[in-house]
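Q: Need a 3D model of the sequence below.
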Amino acid sequence: MSKITIGALLILLTFSGVAFAMTLNEIMFNPSGDEDTDEFIELFNDGTTSVDLFGWRVSDGTGTDSIVAIEQGLIARPGQYILILDPDYFDDGSTAYDGRVPPEALVVTIHNGTFGDRGLNNTTAEIVSLISQGGATVSAYTYTTDNGQGISEEKILSSDGDAGANWANALVVGGTPGGRNSVTPPSRNLAVVGMSYLPQNPPPGSHLTIMVRIANTGLESSRDSLRLYEQWNEESSGESLILLQAWETGLMSPCDSLTFQHGWVLPDVSAHTILAMLSHTDDRPADDEWMISVSTNGVMGWVVINEIMYQPEPQRSEWIELVNAGSVSWNLDGWQIGDGTSLVNPSQRFTLPSIMLLPSEYALVASDSTVFFENVPSSVPVMIWPTGTLTLNNAGDSLVLFDAHGQLVDRVDYRPSWGDADAGVSLERIAPLAESNHPSNWASSLDSTGSTPGWLNSRTMPPNGAASQLMELQPNPFSPDGDGRDDILIVRYRLEQADSRLDLKIYDVRGRLVRTLAAQTPAGLTGEVLWDGCDDRGRWAPSGLYVVYLEALGKSGSRIQTARRPVALARRS
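A: Numbers count the residues shown, from 1 in each chain. Have a look, this model is predicted:
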């Protein structure tokens, strides 16, 4: 499936030269439920006038079906989604999409008993076409078959034609029948996309600079207000938030970004939570907040979310695995874990009991006792969260881990697209010390049982833990060919100074820059950075030898440490 960045989307939007009135918009060829009833094709009227669909047809290349009315007629209004359901959806009493189709959508069906000759093929790509009353093919797309079950193919921008680059796998299991596609960027959306502070690991009384980065990830120009708070306790109400500074972003064009800075003095040795917050008035309020913990020890991050079973088999438990990826033990007494709702509602967090988690040990948090049917080692503590606290959404969610002081320790905003989205198969973290929200740091479990609760992840690349020297590469060679073996290069580092800034670059053997992995990035003493085998333009780098160059810079920008290591990229296919 072709993937496309927001920037590329907006270029597509700006330079598209063709306007399509009635267009294919979504294809569900491999539904989660019964294939005889739950396949669908969605259209969209992108024009300015209504269209009478009488005499219009859809085809899968093997057969052609006339579109027929159910109760709402066949007039498609401008800006309306048209959902074409299989007749058996109604005849056999399927409820797969009940409650999910917006009332403003036009729901129709076809005159035959199935799409095409025998339904939409799950294993062989077919060309789906929309044919007007006059016999003209006005929209056509050949879908791919790399989707997991229940994952439709969605058009990214309805007005930008049927090229493969304008389609992507849905981010929502079950698709978005009759509504805005999950892969379509929001119209208006400013997002908090980063937050950091300098210097790292400051002593009490230090003057810090807190930096908040805002980006316009929507399709339209937009403005908002930004507030920076210190949070004094676990309650995320207005009374607990102390306003540090307020800004107005001004009008930001699509793809624009701004960095706001605030000077602040660290008052003592305890950890302090700093929260950046937009106004929650745009189309995607979920990305309007960012929280960091500031202390003399920096953000903890040693105990991390390591494996997620968000879509278990029927009658089985959801669960989350934690691992102590550090070198010291942690008592989890009073720690809390929650989903995205707990970021604003602390009552939705589950408080952990007193458990001493030793280095490299695991703990499991689950929704119910069926987790004990999993192959969990008897030495691994298992905790059951109460009903009404966590819910792991199949369409993606945020998982947050707080320490006993309410400081954010780890956050993972998982998405089905990070893995295969198969029921009963967990998402596994590849490198515990690498960035929690890097999609390349997560993949579907390769274990024959579908998961590894309480065991070393099938995707983890040993040795596990911090580097023992300035720079280590694992595995070497690596083979980013998507077969689940050695797909990601992990660059581990150990620096002499905690307030260093890191430059990390990949060069080919002729000295040409291939990929910048870190540029003046605050690094801490140890860490991990991932390379997925792509260059800076997102293209696969060819097989061959490359040089990983690390440069650690001090406060003044002077070079402190440097290292060069060769790595072999060797695809198997």
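
Q: excluding its backbone neighbours, what's nearest Arg429?
A: Asn306 (4.8 Å; C-beta to C-beta, 6 or more residues apart in numbering). Any C-beta I mention is one placed from the backbone N, CA and C, and that applies to glycine too.

Q: The one you found is in what secondary structure piece?
A: Per DSSP states H and E: Asn306 is located in strand 303-309.

Q: returning to that earlier point: residues in contact with the residue nearest to Arg429?
A: By C-beta atoms under 8 Å, 6 or more residues apart in numbering, the contact set of Asn306 is 321-323, 325, 362, 428-429, 432, 457.

Q: quick check, nearest of these to Gly63?
A: Glu428 (41.7 Å; C-beta to C-beta).

Q: Surely Arg213 and Val193 touch.
A: Yes. Arg213 is within contact range of Val193, at 5.3 Å (criterion: C-beta atoms under 8 Å).

Q: What are the boundaries of the strands in the stretch 1-150 of the chain?
A: Here the stretch 1-150 of the chain has its strands, by DSSP state E, counting those that start in this stretch, at 22-28, 40-45, 51-52, 57-59, 64-68, 75-76, 81-85, 106-110, 127-131, 137-142.

Q: Need the contact partners of stretch 62-78.
A: Contacts of stretch 62-78 (C-beta under 8 Å, 6+ apart): 22, 43, 45, 47-59, 82, 84, 90, 106-112, 115-118, 126, 131.

Q: Show the average pLDDT along that stretch.
A: Confidence for stretch 62-78, expressed as mean pLDDT, is 94.

Q: Next, the buried residues of that stretch.
A: For stretch 62-78, burial by neighbour count (16 or more other C-beta atoms under 10 Å) applies to 64-65, 67-68, 74, 76.

Q: go on, stretch 108-127?
A: 108-110, 114-116, 119-121, 126.

Q: Using a markdown table, please lay out the residues you listed together with distance to His280 and pLDDT.
A: Listed next are the buried residues of stretch 108-127 as a markdown table, based on distance: C-beta to C-beta, whole Å; pLDDT from 0 to 100:
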| residue | distance to His280 | pLDDT |
| --- | --- | --- |
| Val108 | 36 | 97 |
| Thr109 | 39 | 96 |
| Ile110 | 42 | 96 |
| Thr114 | 44 | 89 |
| Phe115 | 41 | 92 |
| Gly116 | 45 | 85 |
| Gly119 | 43 | 90 |
| Leu120 | 39 | 93 |
| Asn121 | 43 | 91 |
| Glu126 | 42 | 93 |
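
Q: mind giving me TSV with these and columns for distance to Leu569?
A: Output for the buried residues of stretch 108-127, formatted as TSV (distance: C-beta to C-beta, whole Å):
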residue	distance to Leu569
Val108	50
Thr109	51
Ile110	48
Thr114	46
Phe115	42
Gly116	42
Gly119	41
Leu120	37
Asn121	35
Glu126	35
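
Q: and which of those is nearest Ala165?
A: Closest approach between the buried residues of stretch 108-127 and Ala165, by C-beta to C-beta: Glu126, at 19.3 Å.

Q: tell me the contacts of that closest one?
A: By C-beta under 8 Å, 6+ apart, the contact set of Glu126 is 29, 60-62, 116, 120, 142-143.

Q: try 10 Å this time
A: Residues in contact with Glu126 (C-beta atoms under 10 Å, 6 or more residues apart in numbering) are 27, 29, 59-62, 115-117, 119-120, 141-143, 145.

Q: Check His262 too.
A: Neighbours of His262 in contact, by C-beta under 10 Å, 6+ apart: 197, 208-212, 228, 244-245, 247, 274, 276.

Q: same question, Ile274
A: By C-beta under 10 Å, 6+ apart, Ile274 lies in contact with 195, 197, 208, 210, 212, 228-231, 244, 262, 264, 290-294, 408.

Q: repeat that for 6 Å
A: Shown in contact with Ile274 (C-beta atoms under 6 Å, 6 or more residues apart in numbering): 210, 230, 292, 294.

Q: What is the subsequent helix or strand relative to the strand or helix carrying it?
A: Counting by DSSP H and E, the element that carries Ile274 is strand 272-277. Where DSSP H and E defines the elements, the next helix or strand beyond strand 272-277 is strand 289-294.

Q: For that following strand, which helices and strands make contact with it?
A: Identification of packing neighbours for strand 289-294 by 3 or more C-beta pairs under 6 Å, 6 or more residues apart in numbering; DSSP states H and E yields strand 190-198, strand 272-277.

Q: Of all these, which one is nearest Pro314?
A: Between the helices and strands packed on strand 289-294, strand 190-198 lies closest to Pro314; by C-beta to C-beta that is 35.5 Å.

Q: Just want the angle from the closest one to strand 272-277.
A: Counting by axes from the mean of the first three to the mean of the last three C-alpha atoms, to 10 degrees, strand 190-198 lies at 150 degrees to strand 272-277.

Q: Give me the contact list for strand 190-198.
A: With contact meaning C-beta under 6 Å, 6+ apart, strand 190-198 is reached by 208-217, 222, 224, 276, 278, 287, 290, 292, 294, 522.

Q: C-terminal to it, what's the next element?
A: The C-terminal neighbour of strand 190-198 among helices and strands, as given by DSSP H and E, is strand 207-216.

Q: What residues of that next one count as buried?
A: 208, 210-216.

Q: one step back: could the buried residues of stretch 62-78 be laid out in a markdown table, adding distance to Val400?
A: Output for the buried residues of stretch 62-78, formatted as a markdown table (distance: C-beta to C-beta, whole Å):
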| residue | distance to Val400 |
| --- | --- |
| Thr64 | 51 |
| Asp65 | 47 |
| Ile67 | 46 |
| Val68 | 49 |
| Leu74 | 48 |
| Ala76 | 43 |
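
Q: ok, these vs Ser500, which is closest?
A: Nearest to Ser500, judged by C-beta to C-beta, of these is Ala76 at 59.4 Å.

Q: For that closest one, list each beta-bridge partner.
A: Beta bridges link Ala76 to Val51, judged by DSSP bridges.

Q: which residue sits farthest out from the middle of this structure?
A: In the chain, the greatest distance from the average C-alpha position (C-alpha atoms, centre = their mean) is reached by Gly134, at 42.9 Å.

Q: Next, it: phi, psi?
A: Backbone torsions for Gly134, taken as degrees, to the nearest 10, come to phi -80, psi 0.

Q: Ok, Ala163 next?
A: Dihedral pair for Ala163: phi -60, psi 150, per degrees, to the nearest 10.

Q: Distance of it relative to Gln336?
A: Noted for Ala163: a distance of 46 Å to Gln336, by C-beta to C-beta, to the nearest Å.

Q: out of those two, which sits in the more crowded spot?
A: Per other C-beta atoms under 10 Å, whichever of Ala163 and Gln336 has more neighbours is Gln336, with 21 against 11.

Q: so what's the nearest residue to the more buried one once chain neighbours are set aside up against?
A: Spatially, and ignoring its direct neighbours in sequence, Gln336 is nearest to Arg349 (3.9 Å; C-beta to C-beta, 6+ apart). Arg349 makes contact with 336, 338, 342, according to C-beta under 6 Å, 6+ apart.

Q: and the residues you listed as CSV, adding distance to Pro480?
A: Shown next, in CSV, are the contacts of Arg349 (distance: C-beta to C-beta, whole Å):
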residue, distance to Pro480
Gln336, 37
Gly338, 34
Ser342, 35
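
Q: Among those, which lie within strands?
A: 336, 338 (DSSP state E).
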